[in-house]
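Student: Fold the following for me, if possible:
(2 chains)
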Amino acid sequence: MPKVVTREPMSVLERSFVPEIIRGLSTTIKHFFHAASGQNYHEKQHLWFLNKGNVTYNYPEDVRTYPKRYRGQHRLMLREDGNVRCVACMCCSTICPANCIHITAAESDDPSVEKYPASFVIDELRCIFCGFCVEACPCDAIRMDTGLHVQPFLDRNNAYYGRDLLMELGELSVAIQGGDKS
Amino acid sequence: MPKLTINGKTVTCDAGTPLIEAAKQVGEHIPYFCYHPSLTRPASCRMCLVEVEKAPKLMPACYTTVAEGMVVLTKSDKVIRARKAVLEFLLLNHPVDCPICDQAGECTLQNLYFEYSAQESRLKTRKVNKVKAFPIGPEVVYDGERCVLCTRCVRFCEQITKTNELTTTQRADMTEIRPFPGRELDNDYSQCTVDLCPVGALTSRNFRFKCRVWYLDTTESICTGCARGCSTYLEHFRGEVQRFRPRTNPEINSYWMCDHGRRLYREPHEDRLLNPFIKGVGAVPRNKGLAEAVKRLKAFRDAGRANKLAVVLSPQGSNEGLFSLIRFALKYGVERFYMNGKPDTAFTLRNEPDKVADDFLIVADKNPNTTGLRRLAEAFGITVLSAASLAADLESKKVDSAFILGANFPLDLDKKSKLWQKLEDADLVIFLGQRATPFTTLAHVSLPSCSFAEKQGSYINIDGIRQVAKAAFEPHGLSQPDWKWIERLSLRLQLGWEYENFEDLEAAANAKLAAPPAKELEEDKNAPAQT
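Tutor: Reported below is the predicted structural model:
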């Protein structure tokens, strides 16, 4: 059965549209002054209607501080000997909804490592920064806690971040890899 | 025929059937590690314990045989408690290195852990460390920590290959699988132990770390390594074959498959001819290659020399491809047919390099469809001569040009180079095949056909069993199935093509094959002996 929608008839004032136009334009003009004031939102404004602050940032001079848990550019964590922590289990590339992680696994010469990523490429243009890769990683090898956002690229090829580039920001993890053997 | 009840369902089966098989008949799956239908049953893993009424203890379902009036419970609380306990013991010293284990995703232990136990380890002491990544054989790597000691691999080597390489060493929680001193797991079926292994203790060197199993797409296919034509699962990822796995087929290969067949997983991708190729021009698009072939074939026929064209058939091809080529050739006016194919020595037994066949699965003929080719030849009433006689006939000018399907010739290097030389002087050489070989530069026109993995086709194995290999992925490059090239050639040369689609062609080929089985190949008496 179709739903019957009852509509309130417009009042005379509404039908004239004049007060509604004034109401709408006042919002527009308010935002115009916010933007034109050139002040940041955390600075106290001298006009009361500007107190809500400026929504536009003068990037890149004026950089927004990201929250601590901001999911930014990826990095690969390191082992104590400086090698990559990743064991190429493919959990991240499996969970990745954007299919942007490409890993080629290989057999390591180090018998205690066995499997390592011969290549580990993230297509940062494809990445949707959902953070599933970090959650899926069983050995704290991939993180997105660099606090950096991925830069814009002029060349698409520069957007493929390889293993060594991702390891540059990496550091030692506190997690013990391969379980406590002591 | 005893009649028993399993979880309230009544089942009747032969005396001597283990409970595990009886339960399968009524759709009740009983978990197990050490049981395998074709091996003996040590009942050592204790995973298949079930409750049998009036029995004082739980009974192993793999070893307990059915009896009249038996009442079996496979999902009672007592049984599930027992299974959880068994799993806890099995996982006690397990390294849980699933992220780097190739078995993860198809691991019985992993599946059963999620199904039954999913509990944290209560082990307070250190885990026992055992050997990791031990090269137990040329094709197989052993990981002692992952092993649950089901001894399926040991029993496989004892009972199926009868080579007795493996045994268990040490005792209790130090037990490991090892080859006997001075030996290694090097029989021709060693990778079957990898399939048998319910956990990741035995992994295949070829497949190791290459692809996670959950990425693999599986297609029903056959092994083209020899005329046995074992049923396989072709597992591929992003248009590349990653591995073959035997598909259970009691008529042909049972549960097994040889290592040589498995090693062919790279073959569909090696040295592929990806474009039509015209001598002196190079790689060209499909229509240009086809137009060139048509032009040359037409001129050849108009000169009244169609009977001088030799058609070389390949026992590597499917029935449909061979059917369309023979049909095309007969309509064109070809009189002499030859056969190439891989030599018997394409691979030899690992431990006896002078033997090309064993008494289990590997047969001497290394082509998957020799029987199909013979039957089609018989049905069409043509005589197929050997590859060696092609060189002799080119010499004696019985034929002076060739249409060649497939580039494998069962000839030694000397004879091959001689044949190459003859073909170089021939008036017309058209090659239809999947690999870029000397033919690509030698033939006037080379047309790329696709491998068995990229097309559907039927093959008849050495015992006359017809099997279908399905298409796994799209053809590489500009290649397309043999029959499609022949279809276009037939239409362009006004030879007729009455099959609307592949199903029509398949039906026509099948109708042809229903003819009485072929006699032995007629060898040309004057031809030199094959190698």
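Student: show me what contacts the residue of chain A found nearest chain B?
Tutor: The nearest approach of chain A to chain B comes at residue A:89, 3.3 Å away (C-beta to the nearest C-beta). For every residue, glycine as well, the C-beta is placed using N, CA and C. For residue A:89, the contact set (C-beta atoms under 8 Å, 6 or more residues apart in numbering or on different chains) comprises A:115, A:138, A:139, B:98, B:99, B:100, B:104, B:212.
Student: One more: residue B:400?
Tutor: With C-beta under 8 Å, 6+ apart, residue B:400 has these contacts: B:305, B:308, B:394, B:426, B:427.
Student: Any figure for the gap between the first one and chain A?
Tutor: Translated: residue B:305. 53 Å (C-beta to the nearest C-beta, to the nearest Å).
Student: residues in contact with that residue?
Tutor: Residue B:305 touches B:400, B:401, B:427, counting by C-beta under 8 Å, 6+ apart.
Student: Could you do the fourth one as well?
Tutor: Applying C-beta under 8 Å, 6+ apart to residue B:426 gives the contacts B:394, B:400, B:401, B:402.
Student: Next: residue A:124.
Tutor: With C-beta under 8 Å, 6+ apart, residue A:124 has these contacts: A:73, A:74, A:100, A:150, A:153, A:159, A:160, A:161.
Student: Looking at the residues you listed, which is nearest residue B:282?
Tutor: Taking C-beta to C-beta as the measure, residue A:160 is the one of the contacts of residue A:124 closest to residue B:282, at 32.2 Å.
Student: list the buried ones in stretch B:249-258?
Tutor: Using 16 or more other C-beta atoms under 10 Å in any protein chain shown as the test for burial, stretch B:249-258 gives B:249, B:252, B:253, B:254, B:255, B:256, B:257, B:258.
Student: who touches it?
Tutor: Stretch B:249-258 is contacted by residues B:36-38, B:160, B:188-189, B:191-192, B:195, B:223, B:225, B:228-232, B:244-246, B:248, B:360-362, B:461, B:463, B:465, B:467 when judged by C-beta under 8 Å, 6+ apart.
Student: now the end-to-end length of it.
Tutor: Counting by C-alpha to C-alpha, to the nearest Å, you get 14 Å between the two ends of stretch B:249-258.
Student: Please state the offset of it from the chain centre?
Tutor: The chain centre lies 10 Å from the centre of stretch B:249-258; the measure is C-alpha atoms, centre = their mean, to the nearest Å.
Student: Next, residue B:179: phi, psi?
Tutor: Backbone geometry at residue B:179, expressed as degrees, to the nearest 10, gives phi -70, psi 160.
Student: so what's it scoring on pLDDT?
Tutor: For residue B:179, the pLDDT comes out at 96.
Student: do you know how far residue A:64 is from residue A:149?
Tutor: Counting by C-beta to C-beta, to the nearest Å, the gap between residue A:64 and residue A:149 amounts to 10 Å.
Student: So the two - more neighbours on which side?
Tutor: Applying other C-beta atoms under 10 Å in any protein chain shown to residue A:64 and residue A:149 shows that residue A:149 carries more neighbours, namely 13 against 8.
Student: Setting aside sequence neighbours, what's the nearest residue to that one?
Tutor: The shortest distance from residue A:149 to any non-neighbouring residue, by C-beta to C-beta, 6 or more residues apart in numbering or on different chains, is to residue A:72 (5.3 Å).
Student: neighbours around the nearest residue to residue B:270 once chain neighbours are set aside, how many?
Tutor: Of all residues not flanking residue B:270 in the chain, residue B:435 sits nearest, at 7.1 Å (C-beta to C-beta, 6+ apart). Residues contacting residue B:435 under the criterion other C-beta under 10 Å number 19.
Student: Fine by me, thanks again.
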